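> got a predicted structure here, sequence first:
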Amino acid sequence: MLARRLPTILPDLSFNEALEISKIYSIVGLTSKETPLILKRPFRSPHHTITAVSLVGGGKIPKPGEISLAHHGVLFLDELPEFNKNTLEVLRGPLEDGIVTISRLNASITYPCNFMLIASMNPCPCGYYGSKEKECVCKPDQIKKYRNRISGPLLDRIDLHIEVSGVKYTKLQSNRAEEKSEIIKERVNKARKIQIERYKDYGIYSNSELTPKLIEKFCKLNIECKQILEMAFENLGLSARAYSRILKVARTIADLEDSEEIEKRHLAEAIQYRSLDRKYWDYDNKNYNN
Amino acid sequence: MLAITKSIALQGLDGYLISIQVDISAGMPHFEIVGLPDTSVRESKERVKTAIKNSGAEFLSRKIVINLAPANTRKEGSGLDLAIAVGVLAASGYIDNTSNEELFNNTIFVGELSLNGNIEKINGILPICIEAKRLGIKRIILPKENAKEASYILGIEIIAVETLVEVMQYLNKEKEIKSEINRNILDETKQEYSMDFSEVKGQENVKRALEISAAGGHNCILIRNTRLRKNNACKKVTNHITRSKF
């Protein structure tokens, strides 16, 4: 699984980030005696039976939950539709704000939870909807029910939608050398360094944390790009939230190329990552005959 | 006699200063903790009593009242044990707190006591040290097991102790304990992973998306219209073939 390999390409932690993570781990007693400072970005992958409270945190005197333990790291939710719907909906606020405030009778406590949500799922119960290799055998209402476990607003907060298709046998057998994690990580690190340098006066570390005001400042588009974006909006029916998320992703793609400005191709790639929900979450039912 | 010690308790990610006031006076033998103690703090009564007895000191059968100020916030956790024990020892005259007031004013005590007088590790030492530093406190006496974690915070003296007896000796200036210093802050960065992206054949689009995701911290959803585990199975088989010599 590729998502499980994600920690191998995550950017290195800065000391301040490490300290922030270690504070949370220190409170729940997850630091080890030998290496008390958390130096790796956390990768949390709770099972889908998790409850809403253990996900966001809680208790008589609130303790941090999985999303806070994934601060500055990855929260990996495998088989997303299998999670309890209420459990997933509690992620809405934290995904947007990067903090979660838990109020109980005795105390009201705010924990940071600036995490990357990586989710994976099948498009339908049988797992072959939209596949080229095999025909899907699910009934339309089955598929609809399965997808509806993930709400539109939650999907809206996910910047990149990507389809994973099967690999041909010949490719599996080929001896072509694949890129090593080390090399990818180098590029990632470089792009992250640019971001840290750019946002050092604003108290944030990455593009994903940009506020609307900062987006205006750092994600300027030229006329050509603006036209493309306008076209995409009309054709894809995107939301206002999608707009800012597309710009953030385009900014990251430009950073990966060390480009000062967002160019046409960066924006086009960012939009392309947004188009999948139209294919799978087509609520008008027109795409259900595979 | 009255003795006051300081400690830090946690509320969420932030620490806050607690002053522990111990008063021993004549009267019916009685031991009471006031100031909204949680169950774990109230239970520290028994730990403190037994640990003092097992450290060679006498637990006076007098009227002992302990107040945890500020008295209107709820205290939880076992980290206050040490501060309470030191307060009781100072009030009973085993620790000299009149001549070295400066020492008491600038010291934070944290640690859980076990019945034999050992000091056990507690959770949340990092936020405690950060708060102590912010308050301008000079030194912090804490369990040895927490010493390394605390030493990441520079500019504060970290006194690591193992037993209550050691604390008594230190405060009475019979024994010197050197401050814990951390020399290698980020030298453990070398990370080893058992997996690598190069093990996955093809899937360039997924790799690219994950790269962007990692670079900017973006959320990402993978929709698999294939049974991925099949690939892994294939890989496992080929692994198996090449290793079949064994």
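Looks like it came in fine.

> got a pLDDT number for B:Lys245?
We have a pLDDT of 44 for B:Lys245.

> typo on my end, it should be A:Met1
pLDDT, A:Met1: 68.

> with the one 10 residues further on instead?
In the predicted model, A:Pro11 carries a pLDDT score of 92.

> and for B:Met195?
Note on B:Met195: pLDDT of 84.

> flag the shaky bits of the chain, pLDDT-wise.
If you meant another chain, say so; for now it's chain A. Applying pLDDT under 70 to chain A flags residues A:1, A:276-290.

> wait, chain B was what I had in mind.
B:183-191, B:227-246.

> okay, the host helix or strand of A:His266 in CSV with CA atoms only?
Using DSSP states H and E, A:His266 sits in helix A:264-272. Taking C-alpha atoms only, helix A:264-272 is exported to CSV below (Å, rounded to 0.1, in the frame of the first residue of the first chain):
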residue,chain,number,x,y,z
LYS,A,264,-1.0,27.5,-16.0
ARG,A,265,0.2,23.9,-15.7
HIS,A,266,0.3,24.1,-11.9
LEU,A,267,-3.2,25.3,-11.7
ALA,A,268,-4.4,22.7,-14.3
GLU,A,269,-2.9,19.9,-12.3
ALA,A,270,-4.5,21.2,-9.1
ILE,A,271,-7.9,21.3,-10.7
GLN,A,272,-7.5,17.9,-12.1
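
> buried ones in that helix?
A:266-267, A:269-272 (16 or more other C-beta atoms under 10 Å in any protein chain shown). (Glycine included, C-beta is placed from N, CA and C.)

> then stretch B:79-93?
B:79-92.

> give the buried residues for stretch A:43-60.
A:43-44, A:46, A:52, A:54-58.

> determine how far the last residue of that stretch lies from the first.
Using C-alpha to C-alpha, to the nearest Å, the end-to-end distance of stretch A:43-60 comes out at 27 Å.

> repeat for stretch B:25-42
20 Å.

> quick one: it to chain centroid distance?
24 Å (C-alpha atoms, centre = their mean, to the nearest Å).

> run through who's touching that stretch.
A:61, B:44-45, B:49, B:61-78, B:80, B:84 (C-beta atoms under 8 Å, 6 or more residues apart in numbering or on different chains).

> run through the residues that contact B:Ile221.
A:80, A:118-121, A:155, A:158, A:160-162 are the contacts of B:Ile221 under C-beta under 8 Å, 6+ apart.

> what is the burial count for A:Glu96?
12 (other C-beta atoms under 10 Å in any protein chain shown).

> if I pick the residue nearest to it when sequence neighbours are not counted, what's in contact with it?
Once flanking residues are discounted, A:Glu96 sits nearest to A:Arg157: 6.5 Å by C-beta to C-beta, 6 or more residues apart in numbering or on different chains. By C-beta under 8 Å, 6+ apart, the contact set of A:Arg157 is A:91-92, A:95-96, A:117, A:241, A:245, B:219.

> which element is encountered next along the chain beyond the longest strand seen in chain B?
The longest strand of chain B (DSSP state E) is strand B:14-25. Per DSSP H and E, the first helix or strand lying C-terminal to strand B:14-25 is strand B:30-34.

> quick check: buried residues in that next one?
The neighbour-count check on strand B:30-34 (16+ other C-beta under 10 Å) flags B:31, B:33 as buried.

> following that strand, which helix or strand shows up next?
Going down the chain from strand B:30-34, the next helix or strand is helix B:39-42, by DSSP H and E.

> who does whichever helix or strand comes after that next one touch, helix- and strand-wise?
Next along the chain after helix B:39-42, taking DSSP H and E as the criterion, comes helix B:44-53. Judged by 3 or more C-beta pairs under 8 Å, 6 or more residues apart in numbering or on different chains; DSSP states H and E, helix B:44-53 is in contact with strand B:30-34, helix B:81-91, strand B:112-113.

> tell me the buried residues in helix B:44-53?
Applying a neighbour-count criterion of 16+ other C-beta under 10 Å, one finds B:44-45, B:47-52 buried in helix B:44-53.

> quick check: B:Leu135 vs B:Ser19, distance?
B:Leu135 sits 12 Å away from B:Ser19, going by C-beta to C-beta, to the nearest Å.

> do the same with A:Ile204
Separation of A:Ile204 from B:Ser19 (C-beta to C-beta): 37 Å.

> A:Arg157 too?
45 Å.

> chain B: helices as residue ranges?
B:39-42, B:44-53, B:81-91, B:101-105, B:125-134, B:147-150, B:164-171, B:204-216, B:229-242 (DSSP state H).

> just to revisit the earlier point, got the angle for the helix holding A:His266 vs helix B:204-216?
100 degrees (axes from the mean of the first three to the mean of the last three C-alpha atoms, to 10 degrees).

> so which elements touch helix A:264-272?
Helix A:264-272 sits against helix A:223-236, helix A:240-256, with contacts defined as 3+ C-beta pairs under 8 Å, 6+ apart.

> summarise which helices and strands the longest one is packed against.
Helices and strands touching helix A:240-256, as assessed by 3+ C-beta pairs under 8 Å, 6+ apart, comprise helix A:152-156, helix A:181-198, helix A:212-218, helix A:223-236, helix A:264-272, helix B:204-216.

> quick one: these as JSON lines, columns for distance to A:Lys145 too.
Below are the helices and strands packed on helix A:240-256 laid out as JSON lines (distance: least, C-beta to C-beta, whole Å):
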{"stretch": "helix A:152-156", "distance to A:Lys145": "15"}
{"stretch": "helix A:181-198", "distance to A:Lys145": "37"}
{"stretch": "helix A:212-218", "distance to A:Lys145": "35"}
{"stretch": "helix A:223-236", "distance to A:Lys145": "24"}
{"stretch": "helix A:264-272", "distance to A:Lys145": "28"}
{"stretch": "helix B:204-216", "distance to A:Lys145": "27"}
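
> return the most buried member of these.
Highest mean neighbour count among these (mean count of other C-beta atoms under 10 Å in any protein chain shown): helix B:204-216, with a mean of 23.

> report the angle between that helix and helix A:240-256.
90 degrees.

> any idea how far helix B:204-216 is from the middle of the chain?
38 Å.

> swap in stretch B:117-126?
The chain centre lies 5 Å from the centre of stretch B:117-126; the measure is C-alpha atoms, centre = their mean.

> what lies in contact with it?
Residues contacting stretch B:117-126 (C-beta under 8 Å, 6+ apart): A:19, A:22-23, A:26-29, A:31, A:33, A:36, B:10, B:15, B:51-52, B:54-55, B:77-79, B:82, B:110-114, B:142-146, B:149-150, B:152-153, B:161-165, B:167.

> let me see the contact set for residue 89.
Reading this off chain A. Each residue near A:Glu89 by C-beta under 8 Å, 6+ apart is listed here: A:151, A:154.

> my question was about chain B, not that one.
B:Leu89 neighbours (C-beta under 8 Å, 6+ apart): B:52, B:57, B:95, B:164, B:168.

> that'll do, ta.
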